[in-house]
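# Make a model of this:
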Amino acid sequence: FPKLLKTPWIPAQLNNKKEIKLVKTEEDQIVEVSSEGVEDVTKLVVPFLEGVLAHMNIEGTVTRGVRNGDIVFKINGDGINNLIGYHGETLEAIQYIVNTIVRNKVRDYHKKVYIDVENYRRKRAETVEQIAEKVAKKVIATKRSFKLEPMNSYERKAIHFALSNVEHIGTHRDVTAQNK
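Presented below is the predicted three-dimensional model:
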């Protein structure tokens, strides 16, 4: 899971043809990336994100790329922290809206669209991995369970993945908690 975030950024070419691109991933594997529906997604998402930036009075640029076969829209600019929000909550909300729009408007695209601001997702993944390591050491040293702060599904998956290979450590989600 964290490898998704560490995969190199590959700018996608904008054209009107449906094509298959060969993309080199972090593990030097070649994967096929179909551009079917990608142009339609781009035509919807870029103006939407540019509108969000304009309404928030943020000077920024939106670029499209491909990471592990998924479309990623990167936003860079000045004063961009408001677009991220506390622990990425604003960014998650924007990404949710974008994916809802794409699902309803683009029939040829059936994957998730990712939004990243100033490489926030990679930085947050590194932070979550560090949290997992610290908690694992604490649990092993004290032999007591430890409850983490509420996290979004993306971060929970990263925690579960990071701790999955740590001997004598198990993870579970408190499904009764309001914020999981």
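
# In this structure Gly65 contacts Val72, no?
Yes: using C-beta atoms under 8 Å, Gly65 is in contact with Val72, at 5.2 Å. C-beta here means a position set from N, CA and C on the backbone, and glycine is covered the same way.

# More neighbours: which of the two?
Ranked by neighbour count (other C-beta atoms under 10 Å), Gly65 and Val72 place Val72 first, with 21 against 17.

# A strand includes that one, no?
Yes: under DSSP: H, G, I helix; E, B strand; the rest coil, Val72 falls within a strand.

# ok, the nearest residue to it once chain neighbours are set aside - how many residues close by?
Excluding the flanking residues, the one nearest Val72 by C-beta to C-beta, 6 or more residues apart in numbering is Tyr114, at 4.5 Å. Tyr114: 20 surrounding residues under other C-beta under 10 Å.

# Tyr114 reaches Arg122, doesn't it?
No: using C-beta under 8 Å, Tyr114 is not in contact with Arg122, being 11.4 Å away.

# what's the following helix or strand after the helix of greatest length in the chain?
Scanning the chain for the longest helix, with DSSP state H as the assignment, gives helix 120-142. Per DSSP states H and E, the first helix or strand lying C-terminal to helix 120-142 is helix 153-163.

# Report all helices and strands that that next one contacts.
With contacts taken as 3 or more C-beta pairs under 8 Å, 6 or more residues apart in numbering; DSSP states H and E, helix 153-163 sits against helix 2-6, helix 120-142.

# Would you reformat those as CSV and include mean neighbour count, mean pLDDT and distance to Asp78?
Formatted as CSV, these follow (neighbours: other C-beta atoms under 10 Å; pLDDT from 0 to 100; distance: least, C-beta to C-beta, whole Å):
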stretch, mean neighbour count, mean pLDDT, distance to Asp78
helix 2-6, 16, 41, 24
helix 120-142, 16, 88, 15
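
# Turn those into TSV, columns for distance to Val106.
Shown next, in TSV, are the helices and strands packed on helix 153-163 (distance: least, C-beta to C-beta, whole Å):
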stretch	distance to Val106
helix 2-6	22
helix 120-142	22
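
# Alright, that wraps it up for me.
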